[in-house]
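Engineer: pasting the structure only:
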């Protein structure tokens, strides 16, 4: 049995960055939809994702919205059977149970993304925004930074206007320049 250090967030909430997955070698025809597999992608990096299609073999992370490119025929394959988080060992769901878990995680991801979009739209319509006229401009060499109190909200440079942090949700947009400088 081999182990693999999980790096990244593509398999959230199942596995987190820093978990150590335990792997066993597997033949291509032994993998089922819902299995968590490790393979080498076209860039030469090892990837741990869930199998979403077996012919051609295709994968996707539980926290990703699009499928990966088909797995190359010559890529060595492993099935993840479990993982360690610190001193705790957890068994992974594979096959049909893994597929149900994947679909549930995809629905949750879709709802979270939709909620963020909705929150952004609601905040953009916020009637209590600070008027841009109440910002204080401070000129630096190549840009002008605008502040509300002591908090910077954005800057203007040769590339145009740029928001900082979440300021676009609580400050009205700057007036457009008319080009008559």
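Structural biologist: Received, thanks. Quick caveat, the model's predicted, so the values are computed rather than measured. Residues are numbered from 1 along each chain as shown.

Engineer: tally of neighbours for residue 68?
Structural biologist: Number of residues near residue 68 (other Cβ atoms under 10 Å) recorded here: 18. Where you see a C-beta, it was placed from the backbone N, CA and C, and this is true even at glycine.

Engineer: so it is in which element?
Structural biologist: Taking DSSP states H and E as the definition, one finds residue 68 inside no helix or strand.

Engineer: cool, residue 127 as well?
Structural biologist: Using DSSP H and E, residue 127 sits within no helix or strand.

Engineer: how is the chain divided into domains?
Structural biologist: Using automatic domain parsing, the domain parsing of the chain gives 2-121, 132-169.

Engineer: pick out the shakiest of these, pLDDT-wise.
Structural biologist: Mean pLDDT values for these show the minimum at domain 132-169, a mean of 89.

Engineer: now residue 88: phi and psi?
Structural biologist: The phi/psi pair for residue 88 (degrees, to the nearest 10) reads phi -90, psi 140.

Engineer: tell me what it is bridged to.
Structural biologist: residue 85 (DSSP bridges).

Engineer: how many other residues sit next to it?
Structural biologist: Per other Cβ under 10 Å, the neighbour tally for residue 88 reads 8.

Engineer: if I look at it, how far off is residue 4?
Structural biologist: Shown here: residue 88 relative to residue 4, a distance of 17 Å by Cβ to Cβ, to the nearest Å.

Engineer: if we can go back for a sec, can you list the domains of the chain in JSON lines and add distance to residue 175?
Structural biologist: Converted to JSON lines, the domains of the chain look like this (distance: least, Cβ to Cβ, whole Å):
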{"stretch": "domain 2-121", "distance to residue 175": "22"}
{"stretch": "domain 132-169", "distance to residue 175": "7"}
